[in-house]
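Q: Just need the structure, nothing else, for what follows:
(4 chains, ligands or ions: 4)
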Amino acid sequence: MTQPGFGPDLAEVFGPAHEATSDSAGLSLVQLLTPEGERVEHPDFSFGDDLSDAELAETVRGFFRDMTLTRRIDVEATALQRHGELGIWAQLLGQEAAQVGAGRALKPQDYVFPTYREHGVAWCKGVDPLKLLGLFRGVDQGGWDPRENNFGLYTIVIGAQTLHATGYAMGMQRDGVVGTGDPDRDAAVIAHFGDGASSQGDVNESFIFAASYNAPVVFFCQNNQWAISEPIERQSRIPLYQRALGFGFPGVRVDGNDVLASYAVTKAALQRAREGQGPTLVEAYTYRMGAHTTTDDPTRYRLSDDVERWKLKDPIARVEAYLKRNGMADQEFFDAVSAEAEDLGHHLREGCKALPDPQPLSVFDHVYAEMTDELVTQRDGFAAYLESFEGAH
Amino acid sequence: MTQPGFGPDLAEVFGPAHEATSDSAGLSLVQLLTPEGERVEHPDFSFGDDLSDAELAETVRGFFRDMTLTRRIDVEATALQRHGELGIWAQLLGQEAAQVGAGRALKPQDYVFPTYREHGVAWCKGVDPLKLLGLFRGVDQGGWDPRENNFGLYTIVIGAQTLHATGYAMGMQRDGVVGTGDPDRDAAVIAHFGDGASSQGDVNESFIFAASYNAPVVFFCQNNQWAISEPIERQSRIPLYQRALGFGFPGVRVDGNDVLASYAVTKAALQRAREGQGPTLVEAYTYRMGAHTTTDDPTRYRLSDDVERWKLKDPIARVEAYLKRNGMADQEFFDAVSAEAEDLGHHLREGCKALPDPQPLSVFDHVYAEMTDELVTQRDGFAAYLESFEGAH
Amino acid sequence: MSEKTTQKVTLAKALNMGLRKAMEDDAKVLLMGEDVGKLGGVFRITDGLQKDFGEDRVIDSPLAESGIVGTAVGMALRGYKPVVEIQFDGFVYPAYDQIVCQVAKMCFRSQGKTPLPIVIRIPFGGGIGAVEHHSESPEAQFAHTPGLKVVACSNPIDGYWMIQQAIAAPDPVVFLEPKRQYHADKAELDDTATPAPLFTSRVVKQGTDVTVLAYGPTVKTALKAAEAAGNEGRSLEVIDLRTLSPLDMGPVLESVRKTGRVVVSHEAHVNLGMGAELAARITEECFYSLEAPVLRVGGFDTPYPPARIEEEWLPDLDRVLDAVDRTLDF
Amino acid sequence: MSEKTTQKVTLAKALNMGLRKAMEDDAKVLLMGEDVGKLGGVFRITDGLQKDFGEDRVIDSPLAESGIVGTAVGMALRGYKPVVEIQFDGFVYPAYDQIVCQVAKMCFRSQGKTPLPIVIRIPFGGGIGAVEHHSESPEAQFAHTPGLKVVACSNPIDGYWMIQQAIAAPDPVVFLEPKRQYHADKAELDDTATPAPLFTSRVVKQGTDVTVLAYGPTVKTALKAAEAAGNEGRSLEVIDLRTLSPLDMGPVLESVRKTGRVVVSHEAHVNLGMGAELAARITEECFYSLEAPVLRVGGFDTPYPPARIEEEWLPDLDRVLDAVDRTLDF
Ligand SMILES: Cc1ncc(C[n+]2csc(CCOP(=O)(O)OP(=O)(O)O)c2C)c(N)n1
Ligand SMILES: Cc1ncc(C[n+]2csc(CCOP(=O)(O)OP(=O)(O)O)c2C)c(N)n1
Ligand SMILES: [Mg+2]
Ligand SMILES: [Mg+2]
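A: Ligands and ions are numbered 1, 2, ... in the order given. I've put the predicted structure just below:
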């Protein structure tokens, strides 16, 4: 049905509201590797064209390793939570390709603003995964130094970090590291957020600021179909990547379970940003295979059928199939990655238990860069109070 | 230049960023009456097709009268501010057609959420213009009863009212007054806001909620090209009506200086809403001919050339030309409207000066529907304090 | 009408029952928030309500707090009584503008023509081992805002009645629920009883030596402190404030005139917390009855700490007793 | 370096000069806000700065306060020192979440690795005959938030120095400017003088009978009250608090120990306003010196009224004197 003056029926333009359960996310989905592990071509995005066969194989093996180790971090942390070593854990199961694709597309000079679930991006940026556990264990609120790996602290207030990302990108513009043509100098920012977050005012304001200043920021939305118990349909009745069009910058939907496509699309978007062409919205279409966090019970609100269907699209299995089918990796490689995963698991298990609890008095330390006298007094009073128990205990 | 994968260069899709100074707002602008007062046709929107010649003339005369009287309210209030009778005034000069077009498209059961500048809509909704002055004089914060004319109080915090509008529309849905097919029953909400407001988180969240619940609300944005000193380009690099597409509902740009088009487009959008087809964004493309408010000095930030160019598009002059050229109104009519305007001016001048100052103690009256004991105590203490001066004065 | 039936319920269950009752009693009552529908809220306070009252009355909202509160304003203007759930205390801030500039001011702005009977439910306080933003105590900011009423329940019985009273109230009420207590203790609920009026405080333990003022999560701490102090021969009077704005100073002043000594305890930061206002008012009203200044035991003036040290950070039994000692030694 | 030059300047001019100086001294200082560029801000505090420092350093922002503060956070993380202007006090609330959850907590969250040297300038207070939301006094809410520092200037000299000190400070500072004073009085500015440290209070008039605490717009009222009281033989000591978080209690306590009587005056609502905290701390520290409870004179616990009665609503000379009488008669 056409609606005079208001353009054609939206369904005609955008297609029927996609279903979280459907097998296809629509024609507009950029995919380079099928769930069966077969390479497919896309008119606009390519992977590996500039690489020799050996280089290509090495890169894909790298992706496989990154995803496998990322999943291991996730599995290990989930187990640590079950054993009471972590208070909570936000699982990324199923989102490894989106995160590793995005993470590997970043250059060292690019800066990441993550949510609380970007363990795979943190991995790619070189953050020791043990440091990710502190927040979830309750010993700190982010144990890594954001400046060391250009990887910001996890942000829990939904959407807030997208504005920080935009501001940081505006800072890059002022630093003259955008559009200089020097590939080692030009930089961009990536802002991670979820499908639910797309409804927050802050996220939409970040689109506005980024568009207004043409800031070098890639908005990377992992549409994992769920915001805790709420399906994507509650947040948007059209595919999310199209949101960007309303703000005057491009949006693209990529198969978030396809690491090659996630990498290729993010890389191109980051390149646009670095070159001074402004923001892009990348919607990585994926699925949250686990619970929202370890405290969530998804059986209350979704069908296990959906989860089963998405299992067939597993991001790691398809790369494994691709590597094997094309003889790009031998058993030795897979064994080595397994061994590495074991080591990583060990590192996390032992490391986690050894993470020291903070001292109660440390809470006063970094409230300010310049501590105030009244806080000193408060700390000293508390110290004296704590000492009064020393004898008693 | 095309950008592979990110779709064509946005400029190709959306056209060059429109200029506030350009003579045309682009092909997509719905116009039914030219600045010269000539009727033009539009493929999707029409005016008067269902009216006899006499009815049509009567309707257009009505618009002329509404706009003339609205302007008179504005001129009078501006003068009252100059004479110190008002603290401030937000002028609508130049926006009469957008407001009267929208206002006259409303049915009695429709509800309006205005900004602080919707004097013309208030007029159409039957609010005594004298009541508008109280806020600007500083005797109240909105002197009319929103329930009487279905016209909400002026909202000063930019954008806040768009969420109220959406919630009100959700209430209508729950009341079963949407999509029943009964034209006297079906109702909708109109939310007014400015081009600057489009950047607020609240406005974008209202788009999200309205789309998610398919709420019967028309978002009516008067793009008067300025948010105080900031030109529209700071808020959006593409035409504002296209914002709606990113949220999955239609947007349309109408010549906001053309009352016929403003009426026709708003009417159709309201009809969609009442029928249960959900939200629409109407961008009324117009120009703020005056200062932002009486305290603003636009010479600091814009060229008088622009203002001069827009004078040629005056919304009232073109209707006058149309009426005269087609013999739809005689001198008697114009004289009568002038006389009415004089009376209205008199009403406002005399009425404004007679508006009583509130009693200091009245500030305690409506903080709550159920006053608290502690506030009673505070009021009584203040009353006693004030009385202690009685003798002295 | 209904026969007297009592059952043992947790605070979570009592709130759920209270909400259900309010929805049964008044078809205009709507619930809205993130995950309040199918999931029944992350704390299950709205469990089963969408199933029974439908999606039109128990509304899962997009993930946007300003949107939730802002649309609730509109629904209230249309004659509904929205009860919105803010998922955690720390996520109320995106809605702060709507609460402070719109919810709080609509009645005043309209000279009483459009009062806004909205309830904003906020699970508040710490002690649940959560990550940042999940353990905040934002009450003072709302209590500072004229036009809002602010209450905090501390136990299942109050939870059941107070939520219904808040919903029935013609004014906007910020309704604080001590999340740590949701599943902690059960109490015998008699739903035929007559509850105390909403905006009243209550002496929950009588005593003679020191008055301890508490609300929400610290009521339990205060009661425990009273017990411990009692064992050492010190008699504490504990008042559950219940209402933070307006304050119900009657029982407080009466108690202070008797004891001459006051300790206020809350989880919120001490600086400009409720304790500051209580200290100022008590001192003004009972200047000559006070044997010692009002002492405040609360969260330190630091951000809420990582969970592993939250129990040290929070005002616990020992810190309350320490203040009791200090006021007695003054 | 520069020669001693003095000139008579208004607060608006002094702030403008202070901002200019800060931008000259440090290329990382950026200004951002609505209309701060070509227009120079609605109060002209940034007049001429975009012209001289360019659009990259004086940034007109889209109309979105959360966006302004949120992007400022990002710029600060990149090493800049953003100074953002909130156009009016009542419009700070859309940015409240970013201020309270991000600006205030970034240093703590990162264990000191990423402190945020952001200044949030807010023209505050009433008395300018404005419509709703243009006359608010939101300071208590920020002072209640650990991680923020909050200061208020009251005169041109302080305006000039304090804005520079706030910008130089490594922590986020909410910088309150009494808008009613912008163009009210001129003062002789010597830009070679050595200013007092930022987070200090100052006795602006010595006296012996009653201590009057004020900040921002009420300092002038307090000084006038002191003059009027002086004519009646009562000696008021007036302290300009200048810093609201941290509080500089030293001069306050010293004064109270001398006078034994205190009146606190601010435009913010009395309930949970700065006066509450001051009363609580003073009583705690000077219990035996106080001859009367600390009295508070402030905005009533109602929304800010329509302009025609704002002068009655605001704490003026007479209401301060009334409180002085009451404390002396206590
Ligand atoms: C402002 C705010 N509101 C609510 C929450 C509680 N919350 C945490 S995660 C979440 C859902 C987020 O969904 P989405 O953005 O899709 O990200 P995902 O968790 O799926 O990765 C909610 C509601 C929050 N953290 N912040
Ligand atoms: C939240 C908020 N921020 C800032 C302001 C100050 N202000 C009042 S009007 C205005 C510009 C509004 O521009 P626009 O939305 O285009 O509406 P117009 O005034 O042009 O009708 C601004 C910034 C405000 N009222 N509310
Ligand atoms: Mg999600
Ligand atoms: Mg405008």
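Q: use CA for all of it now, contacts and neighbours both
A: Will do.
Q: what's near enough to touch residue 210?
A: I'll assume chain A. Taking C-alpha atoms under 8 Å, 6 or more residues apart in numbering or on different chains as the criterion, residue A:210 is in contact with A:166, A:216, A:217, A:278, A:279.
Q: nope, chain C
A: By C-alpha under 8 Å, 6+ apart, residue C:210 lies in contact with C:235, C:236, C:237, C:256, C:259, C:260, C:261, C:262, C:263, C:324, C:328.
Q: Now the third one: which helix or strand?
A: Think residue C:237. Residue C:237 is part of strand C:236-240, with elements assigned from DSSP states H and E.
Q: does the next helix or strand after that strand come close to chain D?
A: Reading on from strand C:236-240 to the C-terminus, the next helix or strand found by DSSP H and E is strand C:243-245. No. Against chain D, strand C:243-245 shows no contacts by C-alpha under 8 Å from any C-alpha of the partner chain, the least distance being 9.2 Å.
Q: Can you name every helix or strand that the helix or strand that strand C:243-245 is followed by contacts?
A: For strand C:243-245, the following helix or strand on the C-terminal side (DSSP H and E) is helix C:249-259. Here helix C:249-259 touches strand C:210-214, strand C:236-240, helix C:274-285, going by 3 or more C-alpha pairs under 8 Å, 6 or more residues apart in numbering or on different chains; DSSP states H and E.
Q: I'd like the ones you listed as CSV, with mean pLDDT and distance to ligand 3 appended.
A: Below are the helices and strands packed on helix C:249-259 laid out as CSV (pLDDT from 0 to 100; distance: least, C-alpha to the ion, whole Å):
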stretch, mean pLDDT, distance to ligand 3
strand C:210-214, 98, 39
strand C:236-240, 98, 40
helix C:274-285, 98, 37
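Q: quick revisit: ok, so of the contacts of residue C:210, who is nearest chain B?
A: residue C:256 (18.5 Å; C-alpha to the nearest C-alpha).
Q: touching chain D at all, whichever strand or helix holds residue A:218?
A: Element membership for residue A:218, per DSSP H and E: strand A:217-223. No. Strand A:217-223 stays clear of chain D (C-alpha under 8 Å from any C-alpha), getting no nearer than 11.8 Å.
Q: what's in contact with that strand?
A: Counting by C-alpha under 8 Å, 6+ apart, A:95, A:98, A:162, A:165-166, A:169, A:188-195, A:210, A:232, A:240, A:256, A:266, A:269-270, A:273, A:278-287 sit against strand A:217-223.
Q: Which parts of stretch A:61-69 count as buried, going by neighbours?
A: Applying a neighbour-count criterion of 16 or more other C-alpha atoms under 10 Å in any protein chain shown, one finds A:61, A:63, A:64, A:65, A:66, A:67, A:68, A:69 buried in stretch A:61-69.
Q: right, I mislabeled it, should have said stretch C:47-57
A: C:47, C:48, C:49, C:50, C:53, C:55, C:57.
Q: Against residue C:244, how distant is the third one?
A: In other words, residue C:49. Using C-alpha to C-alpha, to the nearest Å, residue C:49 is found at 29 Å from residue C:244.
Q: Who are the contact partners of residue 29?
A: Using chain A here. A:252, A:253, A:254, A:255.
Q: sorry, should have said chain C
A: C:22, C:23, C:57, C:80, C:81, C:82, C:83, C:167.
Q: Once you drop chain neighbours, what's closest to residue A:80?
A: Distance criterion C-alpha to C-alpha, 6 or more residues apart in numbering or on different chains; nearest residue to residue A:80, sequence neighbours excluded, is residue A:86 at 5.9 Å.
Q: What about the residue in chain C that ligand 3 sits nearest to, how many residues nearby?
A: Ligand 3 sits closest to residue C:63 of chain C, with a gap of 10.4 Å, by C-alpha to the ion. When neighbours are defined as other C-alpha atoms under 10 Å in any protein chain shown, residue C:63 has 27 of them.
Q: Could you measure from it over to residue B:212?
A: Distance, residue C:63 to residue B:212, using C-alpha to C-alpha: 11 Å.
Q: list residues touching both of these two?
A: Joint contacts of residue C:63 and residue B:212 (C-alpha under 8 Å, 6+ apart) are residue A:235.
Q: domains for the chain, by residue range?
A: Assuming you mean chain A. A:10-358, A:360-393 (automatic domain parsing).
Q: looking at chain C here, not the other one
A: C:6-190, C:202-329.
Q: which bits of the stretch 151-300 of chain C sit near chain A?
A: So the stretch 151-300 of chain C meets chain A at residue C:300 (C-alpha under 8 Å from any C-alpha).
Q: Any stretches of the stretch 51-200 of chain A with poor pLDDT?
A: Within the stretch 51-200 of chain A, no stretch has pLDDT under 70.
Q: same question, the stretch 251-393 of chain A
A: For the stretch 251-393 of chain A, the ranges with pLDDT under 70 are A:391-393.
Q: residues from it in reach of chain D?
A: Counting by C-alpha under 8 Å from any C-alpha, the stretch 251-393 of chain A sits next to chain D at A:365, A:366, A:367, A:368, A:369, A:370, A:372, A:373, A:374.
Q: Kindly recompute the last result at 10 Å.
A: Residues of the stretch 251-393 of chain A that fall close to chain D, judged by C-alpha under 10 Å from any C-alpha of the partner chain: A:362-375.
Q: near chain C, from those residues?
A: On the criterion C-alpha under 10 Å from any C-alpha, A:362, A:363, A:364, A:365, A:366, A:367, A:368, A:374, A:375 are the entries of these that sit beside chain C.
Q: measure the first one to residue C:314 for me?
A: Using C-alpha to C-alpha, one gets 14 Å for the distance from residue A:362 to residue C:314.
Q: higher neighbour count, the two?
A: Shown here are residue A:362 and residue C:314; by other C-alpha under 10 Å, residue C:314 has more neighbours (24 against 13).
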